[in-house]
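In: What shape does this take:
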Amino acid sequence: MTTHPTLAQIDRYAAGDPGLDEPSVWAIEVHLEECPDCRARLAGSTTVHTRAVIEQVAMRLDREIAATPVAAGPRWSWSVLRHRWFVGTLLPWLAMTATVLACAAVLGVLWGGLPSLVLLIAPLAPLPGVAVAWHRRADPAWELIAATPAAGLTTLLRRTAAVLVFVIPALVLAGAGTGASLALMLLPCLAFTAATLLLGTLVGVRRAAIGLIAIWTLAVIAPSLLAARMPVVLAAESARSWALVTALLTVMVLLRANGFRRLSHHD
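Out: Numbers count the residues shown, from 1 in each chain. Prediction:
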C-alpha cells in the first residue's frame, strides 16, 4: 500500500466495520506498522469510538435502572436474628441445662441435709451453651459467618447473651424455692461466663468451658457434697468478691477482643 488510508477507512477499521473487506483490512494493518502518523490517527479514532460505546452503554444502563423498581431496604427478620444471636444447635444444650437445674431443685427438696445444689451448679449453668455458641462443629453456617466482619467476639457475645437470657430466668426459677441468695447464683454465673470467654482466646471456648466445669466440680461441688456444707466461696459475704471478679474478667475479655479472631484455630 503506497498511499495513506483515508480517515474514513481508519474509522471503519477502528470500529471493526464488517463491510470492510479482508484485503483492505490487511493493507491497513501493514501500513500502520510502518506509519506513525496513521497510528496516531487510529488511536484518536479508537478513543472516539470507545467513548461512543461507553456513552451508549451508560444510556442503556440509565434506562434499565430507571425501569427497575427500587429494592426494599434490609428488614429485621427471624432469619437475621437467628444467625446473629442464636443457632439451632443450642437448643439441646439449653434444654439439658434446664433439666439439670430442675433436678437440682427437686433433689434439694428431697434431701434437705445437703447444701443447695442449685447454688453449687449455678456458675456452670451457662457454660455448655457458651461452649457451642461459636464453634465450627455446632454452627452449620460457620464458614459463611467466619468470613464476615461480625465473626469472632461480636458473634460470640451475641450468642452468649442469648444463652444468658435463657439461663438466668431458669436459675431464678430453680432457686426460688431453695432460699438461695439470688446474687450468689447470678454473679458466679456471670463470672464463669466471662472466664470462659477470656480463656477461650488462649485455648478455645469449648476447651475453656470443659476445663472450668471439671475444676469447679472437683474442687468445689464434690467436697461440698461430701462435707454436706456450703463452700466458703459461696458464703453470703462473698457476693462482693464475685461482683469484683466479674467486672475484672469482663474488662479483660474486651481487652482481648483481637484474640477472638483466631478462635477457629483453637476449636
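
In: and L42, how many residues sit next to it?
Out: Each residue near L42 was counted by other CB atoms under 10 Å, and the total is 18. C-beta here means a position set from N, CA and C on the backbone, and glycine is covered the same way.

In: And it, how far from A15?
Out: If you measure L42 against A15 using CB to CB, to the nearest Å, the figure is 11 Å.

In: Listing request: residues of the stretch 101-250 of the chain with sub-threshold pLDDT.
Out: 112-113, 134-153 (pLDDT under 70).

In: same thing but at 50, please
Out: Low-confidence segments of the stretch 101-250 of the chain, defined by pLDDT under 50, are absent.

In: pLDDT averaged over stretch 65-83, what's the number?
Out: Taken as a whole, stretch 65-83 has an average pLDDT of 57.

In: Likewise for stretch 251-266?
Out: 67.

In: excluding its backbone neighbours, what's nearest G177?
Out: A105 (6.6 Å; CB to CB, 6 or more residues apart in numbering).

In: ok, how many other residues are close to the one you found?
Out: The local packing of A105 (other CB under 10 Å) involves 19 other residues.

In: so what's it up against?
Out: Contacts for A105 (CB atoms under 8 Å, 6 or more residues apart in numbering) come out as L117, V118, A174, G175, G177, T178.

In: If we use 7 Å, what do you get?
Out: Applying CB atoms under 7 Å, 6 or more residues apart in numbering, one finds that A105 lies in contact with V118, A174, G177, T178.

In: Let's have the residues you listed in TSV, adding secondary structure.
Out: What follows is the contacts of A105, written out as TSV (DSSP: H, G, I helix; E, B strand; the rest coil):
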residue	secondary structure
V118	helix
A174	helix
G177	coil
T178	coil
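
In: Now for the residues you listed: which two are most distant?
Out: Greatest spatial distance among the contacts of A105 (CB to CB): V118 and G177, at 9.2 Å.

In: Write a PyMOL command that selects only the buried members of the contacts of A105.
Out: Remark: buried members of the contacts of A105, expressed as a PyMOL selection using 16 or more other CB atoms under 10 Å:
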select buried, resi 118+174+178
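
In: Show me where the stretch 51-200 of the chain has its helices.
Out: Along the stretch 51-200 of the chain, counting by DSSP state H, counting those that start in this stretch, helices occupy 78-85, 90-110, 117-121, 127-133, 142-146, 153-175, 182-203.

In: Residue ranges of each domain in the protein, please.
Out: By the assignment in automatic domain parsing, the chain contains the domains 7-67, 87-266.

In: so how far is the shortest one off the chain centroid?
Out: Going by CA atoms, centre = their mean, to the nearest Å, the spacing between the C-alpha centre of domain 7-67 and its chain's C-alpha centre is 51 Å.

In: do the same with the longest one
Out: Between the mean C-alpha location of domain 87-266 and the chain-wide mean there is a distance of 20 Å, by CA atoms, centre = their mean.

In: number of nearby residues for R158?
Out: Residues within reach of R158, counting by other CB under 10 Å, total 17.

In: Nothing else from me, thank you.
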